[in-house]
Every structure is written in C-alpha cells, then in structure tokens.
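[1] sequence isn't available, so here's the structure alone:
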Ligand code: ATP
C-alpha cells in the first residue's frame, strides 16, 4: 500500500490542505492519508496555537466524507499520570519520530510518502534528522506560486543537494514531475491554485467575514460554535 502522512498545524484545516491531499492521492496512487496535527510543532512557534482537541475535531469533520483520509492521533498530547491528556508538552513532535512510529504498524512492502507544501518544504533542511527523513520516505511537494524546480532542489539538506551546475537549468522549470536523486525522491504536484491559508481564516473570523470559500460548512460551523479565533479569550486558549 502507498500511505501518505500529512503534517501541519491545521489551525484550522482548510480547502488548500484537502486539495493537496486529493492531488497527492491521485498522482501517487495513495491508498490512505493520515492527517497528523502536532500537539507541539517544532517548525512553527506561532503562539498561542488552538488546543489540540479543537484542531483534531476540525480535521475529523473535514475528512469525514473521504474514506481514504484519516485524522491521526500519532502526535496527540502525551498522557499524564492521571490518565489525562497533558496539553503542555515539553518535547516538540519531530516528524522523523512520527514516521518511525507509523512505520512500526506498516508492512515492509508499504511505501510511505510525506505530503507538504512548498513554503514548508523550503525549511526542510533545518528539520530534525532531515537526511534520515528522506531515507525513510518519499516526499510529495505541492508548488506555490513563484517556486521553481531549483527552489525544490536547493531546499534539500546539503548532503543531498545537487551541485549548482546541475540545478542551474532548473530555475526556468516549474515545480512539476518527479525529482529522483541519490538519497531523495520528490514528487511535485505543481501549483494547486488554492489560495486558502489558516492565517487568512483566523483574520476573517476576527473581522466577522464569512468562511465559506476557505473551509467546509461543518468546519465553519464548528469554528462558530466554539468561538475559535474570535479573540484569544473566546477561543479558550
Ligand atoms: P498558517 O497560515 O497558520 O501558516 P497554513 O494555512 O500554511 O497555516 P499549515 O497547517 O501550516 O497551514 O499547513 C500544513 C501544510 O499544508 C504545509 O505543508 C503547507 O505548506 C501546506 N499548505 C497550506 N496551505 C496550502 C494551500 N493553500 N495550498 C497548498 N498547500 C498548502
């Protein structure tokens, strides 16, 4: 089976995320995609994040209609002594740890793919054990406007990055197709033309604007019911 792992803060999940997952499923023939919200993301220190439980609930709503999309508890807060989930966690959720944990439940013949947008992929060289991550799984990268194949290649950890004379012609090439290098395989989805962003959604809620073009009705209703993003106080942070 081809399994996708899609990490993100998902605060909230939106149509851009779903479009990325659908395009990845189609292009790489994925059988299942785990959407994995972290309790403590290492790459994004925007604070305060909405509590894990809200981000997970919105993911469950947004993925409910698609059998292959699974909201995942792989990076849920750890259990405290009283059996309660602790929200204040010290150690960030590193993707390499999650990948290794997920692999323990997969067959050796299963192939794992990491789904990611180009803006997040641009920082991948700084990730914890980045080279190991490329050994453990193939990447599926969604382009964003203005990014070329050279940006993808140059974002790789140094030991995996092709030499400048190799990547020079990449500057004029859009980020589509497959990039297969020693130690890294990257499938490129091109630009999905989905301008949604969680930042824009949080701003829209704060400004009292409708959310219909960014998120499913069920997610918009959840945001409204729980008072998320209206103000830090109303969001229960
Ligand atoms: P924020 O606005 O808070 O930075 P975000 O909208 O980028 O959030 P994340 O949860 O941080 O959402 O993103 C998870 C992953 O989805 C990242 O890899 C990101 O690049 C990708 N992504 C987010 N929005 C889009 C989009 N509109 N089209 C394609 N990929 C996207």
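    Alright, I've got the coordinates. The structure displayed is predicted, hence computed values, not measured ones. Residues are numbered from 1 along each chain as shown.
[2] in this structure, which helix is the longest?
    Longest helix in the chain, counting residues (DSSP state H): helix 15-27.
[3] go through that one and flag the buried ones.
    15-25 (16 or more other C-beta atoms under 10 Å). To be clear about C-beta, it is placed using only N, CA and C from the backbone, and glycine gets the same treatment.
[4] before we move on, what about stretch 55-66?
    Residues of stretch 55-66 classed as buried: 55-63 (neighbour count, 16+ other C-beta under 10 Å).
[5] thinking again about what came up before, which of the buried residues of helix 15-27 come close to the ligand?
    Among the buried residues of helix 15-27, the ones lying near the ligand by C-beta under 6 Å from any ligand atom are 16-17, 20.
[6] what is the nearest of those to the ligand?
    residue 16 (2.3 Å; C-beta to the nearest ligand atom).
[7] just list whatever residues bridge to residue 70.
    Assessed by DSSP bridges, residue 70 has beta-bridge partners residue 34.
[8] residues touching it, list them.
    Residues near residue 70 by C-beta atoms under 8 Å, 6 or more residues apart in numbering: 32-35, 63.
[9] list the buried residues for stretch 152-171?
    For stretch 152-171, by 16+ other C-beta under 10 Å, it's 152-157, 160-162, 167, 170.
[10] residue ranges with poor pLDDT in the chain?
    Regions of the chain meeting the criterion pLDDT under 70 cover residues 43-47, 80-89, 232-237.
[11] interface residues of it facing the ligand?
    Near the ligand, when you scan the chain using C-beta under 6 Å from any ligand atom, you find 8-11, 16-17, 20, 116-117, 119-120, 142, 192, 194, 196-199.
[12] can you get me a residue count around residue 78?
    12 (other C-beta atoms under 10 Å).
[13] quick check on it: phi, psi?
    Backbone torsions of residue 78, given as degrees, to the nearest 10, read phi -70, psi 150.
[14] tell me where the protein has helices.
    Ranges of helices in the chain, per DSSP H, are 15-27, 52-62, 95-104, 118-121, 130-136, 149-154, 164-167, 198-206, 217-226.
[15] tabulate the ones you listed (CSV), appending distance to residue 70.
    Putting the helices of the chain into CSV (distance: least, C-beta to C-beta, whole Å) gives the following:
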stretch, distance to residue 70
helix 15-27, 11
helix 52-62, 9
helix 95-104, 11
helix 118-121, 20
helix 130-136, 19
helix 149-154, 27
helix 164-167, 36
helix 198-206, 20
helix 217-226, 17
